[in-house]
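Participant: below are the sequence and a predicted model for it; my questions follow.
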Amino acid sequence: MRLSFLAAAVLIFSLNFGLARENSSPEHVSAAAVIREINLARENPSLYAAFVAESRPFHVIEQGRAVDEAVRFLKKARPLPPLTLSTGMSRAAADHCAEQVEGQLGHDGSDRRSPGDRMSRYGTWSATWGENISYGQKTARGIVLTLIIDDGVRSRGHRKNIFNPKFNYAGAAFGPHARYRTVCSIDFAGGYAERAEALVARNPQRQSGSDVSIELRFRRDLVPGSCSGSAELMDRP
């Protein structure tokens, strides 16, 4: 029997044109709100195309081409089943957000653990997993719109994660970030079994369940950059 495990982790950096006061605190975005927004896009892609089109003025890295492409994609996409919100996966996402409070970036933790490793702390994932991270967004819709549009990301890896039919479970977390004010981490898995025994999340600031989801964006002298990676592990008898 041949088992295939796809580990896809994608990181996006893009220009953030949202207006915010420098002295204002980032609004709280719950895990449920982020996964609910993702499910709206998955279940009603043609409806979500209108939201994407309306956001065109704020995504200009590709002079609007990424927005137009996303609209065409959504109008042709078939509805997908909703993702099930996972407490354990949200705790894993919250752990990663906590590690990035001081301004760190990327998918690997300080101990070099991958998103799959973090998810395994609170349960057992199966088939496949993925992760999206977003910086600088303040609302669930802003996070999901930017990930779907994927402006400046040639692979459109964030969009692929959101509309991957192999994903059935997801968790998210949202928190402060020293460099870009907010960070949101979203974990996906084909299957996920929660641990029977309760574990304390490593995020010391997380007190009220899963509350983080992420998409990454930042302004670096008005020059956007991106980084993505994927790996496939084959287990053969």
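Facilitator: Arrived safely. For clarity, every value in this text was computed on a predicted model and none was experimentally measured.

Participant: bridged to the spatially most central residue of the chain, which residues?
Facilitator: For the chain, the residue lying nearest the average C-alpha position, counting by Cα atoms, centre = their mean, turns out to be Asn132 (2.9 Å). Asn132 has these beta-bridge partners by DSSP bridges: Val10, Ile186.

Participant: Ala172: what secondary structure?
Facilitator: Using DSSP: H, G, I helix; E, B strand; the rest coil, the secondary structure recorded for Ala172 is strand.

Participant: hmm, back to that, thinking the residue nearest to the centre of the chain is in contact with Phe163, fair?
Facilitator: No: taking Cβ atoms under 8 Å as the definition, Asn132 is not a contact partner of Phe163, at 11.7 Å. Every C-beta, even on glycine, is put in place using the N, C-alpha and C of the backbone.

Participant: after the helix or strand harbouring Thr128 comes which helix or strand?
Facilitator: Assigned by DSSP states H and E, Thr128 falls within strand 123-135. Beyond strand 123-135 in the direction of the C-terminus, DSSP H and E gives the next helix or strand as helix 140-149.

Participant: against which helices or strands is the next helix or strand along the chain from that following helix packed?
Facilitator: The first helix or strand that comes after helix 140-149 along the chain, using DSSP H and E, is helix 157-162. With contacts defined as 3 or more Cβ pairs under 8 Å, 6 or more residues apart in numbering; DSSP states H and E, the secondary structure elements packing on helix 157-162 are strand 3-12, helix 31-43, strand 123-135, helix 140-149.

Participant: mind redoing it with 10 Å?
Facilitator: With contacts defined as 3 or more Cβ pairs under 10 Å, 6 or more residues apart in numbering; DSSP states H and E, helix 157-162 has these neighbours: strand 3-12, helix 31-43, helix 65-76, strand 123-135, helix 140-149, strand 181-194, strand 226-235.
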